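Chemist: Turn this into a structure:
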Amino acid sequence: MKNNLLKNIRILLVEDEENIAKLLKFAIGGRFYSFSLAKNAKEGLEKFMQISPDIVITDINMPSISGLEMAKELKKINPNIPIIVLSAFSNKEKLLDAIDIGIIKYFLKPYDPDEILEYISSLADKSSSKIVTFCD
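Modeler: This next block holds a predicted model:
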């Protein structure tokens with residue numbers, strides 16, 4: 001059941017560290033309808049408009065625009081978009097900012113890709129009766 005639900009989900013990963021992005025895409029990307037990569041927040045905003053992902057996963061610290069600043073912009077475009085943050089920092093201020101923005105989950109690096117997959121699966125399970133949340 002979970003795999004069928006995941007096959008309907010479009011993921012956008014915004015990560016400036018190319019190796020981390022490729023690793024996560026390799027580890028879990030094949031389970032989704034699509035798993036797109038953006039190398040910074042500017043590209044993330046552009047791809048968000050192009051592909052209308054169902055879930056955004058983003059790093060916080062990126063050059064130019066932070067992942068949290070990008071998340072604020074994404075929430076203006078689509079207040080219901082689930083955003084998951086990946087960060088090497090457990091800074092209380094950043095965590096509180098993420099909560100204020102409406103980030104649904106905050107994973108600390110190093111993280112286990114299976115934990116991320118499990119969390120997304122739990123979102124899909126909770127929304128299975130109204131899966132339109134993930135696939136417009």
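Chemist: and the residue nearest the centre of the chain, what is it in contact with?
Modeler: With distances taken as CA atoms, centre = their mean, Ile57 lies nearest the centre of the chain, 1.7 Å away. Ile57 makes contacts with Ile11, Leu12, Leu13, Val14, Glu15, Leu24, Ile83, Ile84, Val85, Leu86, Ile116, as judged by CB atoms under 8 Å, 6 or more residues apart in numbering. Placement of C-beta: from N, CA and C, glycine included.
Chemist: just curious, which of these is nearest to Lys42?
Modeler: Of all the contacts of Ile57, Lys42 sits closest to Val14, with 9.6 Å by CB to CB.
Chemist: Need the pLDDT of the residue lying closest to the closest one once chain neighbours are set aside.
Modeler: Counting by CB to CB, 6 or more residues apart in numbering, Val14 lies nearest to Gly44, which is 3.6 Å off, once chain neighbours are set aside. Looking at Gly44, its pLDDT stands at 98.
Chemist: what's the neighbour count on Gly44?
Modeler: Close neighbours of Gly44, defined as other CB atoms under 10 Å, add up to 29.
Chemist: Which residue comes closest to Leu95 once chain neighbours are left out?
Modeler: Spatially, and ignoring its direct neighbours in sequence, Leu95 is nearest to Tyr106 (6.1 Å; CB to CB, 6+ apart).
Chemist: Can you classify that neighbour as helix, strand or coil?
Modeler: Each residue gets one of three states, and Tyr106 gets strand by DSSP: H, G, I helix; E, B strand; the rest coil.
Chemist: On the pLDDT front, check it for me.
Modeler: Tyr106 carries a pLDDT value of 92.
Chemist: what about the helices in the protein?
Modeler: With DSSP state H as the criterion, the chain has helices at 2-6, 18-28, 41-51, 67-77, 92-101, 113-126.
Chemist: Determine which stretch of the ones you listed is the most buried.
Modeler: Neighbour counts (mean count of other CB atoms under 10 Å) averaged over each of those peak at helix 67-77, with a mean of 19.
Chemist: Where does pLDDT dip in this protein?
Modeler: Low-confidence segments of the chain, defined by pLDDT under 70: 1-3, 127-136.
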